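Q: Quick check, what structure comes out for this input:
(2 chains)
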Amino acid sequence: MAAESNGPAVAVEGLNKSYGAVPALRGVSFTMPRGGVFAYLGPNGAGKTTTINILCGLLRPDSGRVTVCGLEVSQEPVKVKARIGVVPDESNLYPELSCGRNLDYLGELYGLTREARRARVAELLALFSLADRAQMPFRALSRGLKRRLVLAAAMVHAPEVLFLDEPTIGLDVPSARALRQLIRRINQEGTTVFLTTHNLAEAEELADRVCILIQGRVVAIGTPGEIRSRVERGTYLRLGLSGEAAAEDLLSACPAVKQAQRQNGLWRLEVAALHAALAQCLAFAEARQLTVNEVGVERPTLEEAFLSIVQQGQPPEVGQR
Amino acid sequence: MSQMTRALAIGRKDVESYYAKPPLITWALLFPAVLMLAMYLKDPGGYLAVAPGVIAMTLLFGCTSMAAIVVTFEKRAGTLRRLLLTPVTPQTIILGKAGSAAAYGLGTSLVLALGLGLLLGMPQANPLAFAVGLLLAAAAFSLLGILASVMVREVFEAMTLMNFFRFPTLFISGVFMPLETFPAWLLPLAMLSPLTHAVELLRLGVSGTCYFAWPWIPALVLAAYVLGAWWLVVRGFRRRAGQ
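A: Residues are numbered from 1 along each chain as shown, chains lettered A, B, ... in the order given. Now for the predicted structure:
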């Protein structure tokens, strides 16, 4: 099959995989458009790593069809591997080799010429702020720097699709943040990103499409907004007013507000319609000559939506395939 | 870039990571050199009887020292997964790993042979037989080492398995005494050992004589070992590497 340049980055159709009698994937189907960040979420044992291993050509499915960059993985695994980069959940570069030599060696395996490797290694070490550690053995790096070099190693051949399996696991806050910035930059430069993570805030920050897997089945797929909209609780408006006001007055003046509660000096208002409620609250404050010193909107987070979906077990699928 | 070039890259990296280490090189050379020196001092005229066997033994230990554990070791370290994610075939990986093991075994045994030639005057009656023997035995031994590595899950299991192969083999392969002096019941076992055939080819190379009437029999047996081991390693690697 010829590689398509306009089709989806990844297309998975009816994927099944069992380990003995234990099913790991049960009829998994999804498509991942080019250019975006696709978050593949699920609790432990949901089948995320099995899916990645199949997509990367490390594992054969029992049945189903998987294409990556238009190439069927089971038919052309070597060609697929040449077009993808993978950051596994473990930092598995060669501990005895220097940072530069690790990148150079992988460049060699991806078929880069000596000159191309030299230029690419220098470029990546600079991009990932590792230039001053080029000669340092991989084992001597801190955990955060190791993850950074693993990400650089996955980019050595400028892949079309980058698979990230728990990229920030075990990192401190600054290192995780720096890595997320690099992932965003890589994506902005045109690389499609397939991300698995247990950090829902990270998925919410990076992904433009989310797929949730439970017990080997896809139970939700869509944009983060579509997934969040599945949470039954409403939207909350956080409002800080300079003077006193009674909840009853606020509720009668603002019909779009369903419930009003005082919390730590702020009003927490459950609203039916955000725009209308905000306008009514501002009018209420003006009429009472109160100063609005804080306004905020609390929407259901992706984490809340994820937990809600996991608690529901296996609800029907939503969103667009 | 062909898979062959990638195999060379894997082999070069393995030499850098595992074989080009002073302790490994000195151990591989000192042990046989001291053994030969002791035999020479005991009987200056008789050392030639065991020299081909000691060179073959050096080759066996050199080729299998890391090969026997490399796949299991890299699987544990996670670096095998890294390698499997690159656009290389299982055959390329096996070729690279066996190639580096064979290069190390060949290097140490050639240094020993050169030392014996220069210092003790070891002759070269049939250099072609000697070269063919070294090359075929290096290929067979390194593939057998990798076979041990893909058959087990733990490094210590691979080492145990290899030791159960290497040490008994030394005693049934004519390393320290010629096959002509073997009891009849031991000869069939000796014929099964690849080390026997390596020793006989090297003996032909050094002294111009060997146990077999048709001297290319050991070469054919070693070639069969190479093909058989390759087939088994590819099968085992495919089955075990991804686990």
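Q: Residue A:91 and residue B:4, how far apart?
A: Distance of residue A:91 to residue B:4, computed by C-beta to C-beta, to the nearest Å: 30 Å. (C-beta placed from N, C-alpha, C; glycine too.)
Q: ok, now which ones touch residue A:172?
A: Residue A:172 makes contact with residue A:144, according to C-beta atoms under 8 Å, 6 or more residues apart in numbering or on different chains.
Q: er, residue A:163 actually
A: Under the criterion of C-beta under 8 Å, 6+ apart, the neighbours of residue A:163 are A:52, A:55, A:56, A:84, A:85, A:86, A:87, A:154, A:194.
Q: from chain B, which residue is nearest to chain A?
A: residue B:78 (3.2 Å; C-beta to the nearest C-beta).
Q: in the chain, which ranges drop under the pLDDT threshold?
A: Just so you know, I chose chain A. Low-confidence regions of chain A, defined by pLDDT under 70, span residues A:1-5, A:231-233, A:313-321.
Q: that answer is for a different chain, and I need it for chain B
A: B:1, B:241-243.
Q: Residues of it that sit close to chain A?
A: B:1, B:5-6, B:9-10, B:13, B:16-17, B:77-79, B:81-89, B:242 (C-beta under 8 Å from any C-beta of the partner chain).
Q: in what helix or strand does the nearest residue to residue B:113 once chain neighbours are set aside lie?
A: In space, residue B:113 comes closest to residue B:55 once its chain neighbours are excluded; the distance is 5.4 Å by C-beta to C-beta, 6 or more residues apart in numbering or on different chains. Residue B:55 belongs to helix B:47-65 when assigned by DSSP states H and E.
Q: what's next to the very next helix or strand once past that helix, contact-wise?
A: Later in the chain than helix B:47-65, the nearest helix or strand by DSSP H and E is helix B:67-77. The contact list for helix B:67-77 (C-beta under 8 Å, 6+ apart) reads A:92, A:95, B:14, B:18, B:80-81, B:83, B:97-98, B:101, B:141-143, B:145-146, B:148-150, B:152-155, B:157-159, B:161-162, B:237, B:240-241, B:243.
Q: Narrow the residues you listed to just the buried residues.
A: A:92, A:95, B:14, B:18, B:80-81, B:83, B:97-98, B:101, B:141-143, B:145-146, B:148-150, B:152, B:155, B:158-159, B:161-162, B:237, B:240-241 (16 or more other C-beta atoms under 10 Å in any protein chain shown).
Q: what about residue B:187, neighbour count?
A: If you count neighbours by other C-beta atoms under 10 Å in any protein chain shown, residue B:187 ends up with 16.
Q: surely residue A:278 meets residue A:285?
A: No - if you go by C-beta atoms under 8 Å, residue A:278 and residue A:285 don't touch, sitting 10.8 Å apart.
Q: so who does residue A:6 touch?
A: residue A:34.
Q: got a list of contacts for stretch B:187-196?
A: Stretch B:187-196 is contacted from outside by B:56-57, B:60, B:137, B:140-141, B:144, B:169-170, B:172-175, B:179, B:182, B:218, B:221-222, B:225, using C-beta under 8 Å, 6+ apart.
Q: With stretch B:210-217 instead?
A: With contact meaning C-beta under 8 Å, 6+ apart, stretch B:210-217 is reached by B:129, B:174, B:178, B:179, B:180, B:197, B:200, B:201, B:203, B:204, B:218.
Q: what distance separates the start and the end of that stretch?
A: In stretch B:210-217, first residue to last residue: 11 Å (C-alpha to C-alpha, to the nearest Å).
Q: Stretch A:34-43 too?
A: 26 Å.
Q: chain center to that stretch, what's the gap?
A: Per C-alpha atoms, centre = their mean, to the nearest Å, the displacement of stretch A:34-43 from the mean C-alpha position of its chain is 5 Å.
Q: Please apply the same query to stretch A:53-69.
A: 21 Å.
Q: same question, stretch B:176-195
A: 19 Å.
Q: again, but for stretch A:295-309
A: Here stretch A:295-309 is found 16 Å from its chain centre; the criterion is C-alpha atoms, centre = their mean.
Q: Buried residues, it. List them.
A: For stretch A:295-309, burial by neighbour count (16+ other C-beta under 10 Å) applies to A:300, A:302, A:303, A:304, A:305, A:306, A:308, A:309.
Q: so of the residues you listed, which ones are in strands?
A: Judged by DSSP state E, the subset of these located in strands is empty.
Q: Is it possible to get those residues out as a markdown table so that each row also shows distance to residue A:6?
A: Below are those laid out as a markdown table (distance: C-beta to C-beta, whole Å):
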| residue | distance to residue A:6 |
| --- | --- |
| A:300 | 35 |
| A:302 | 30 |
| A:303 | 35 |
| A:304 | 36 |
| A:305 | 31 |
| A:306 | 32 |
| A:308 | 36 |
| A:309 | 32 |
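Q: what about the closest residue to chain B within the stretch 1-150 of chain A, which SS state?
A: At 3.2 Å from chain B, residue A:92 is the closest residue in the stretch 1-150 of chain A, using C-beta to the nearest C-beta. Using DSSP: H, G, I helix; E, B strand; the rest coil, the secondary structure recorded for residue A:92 is coil.
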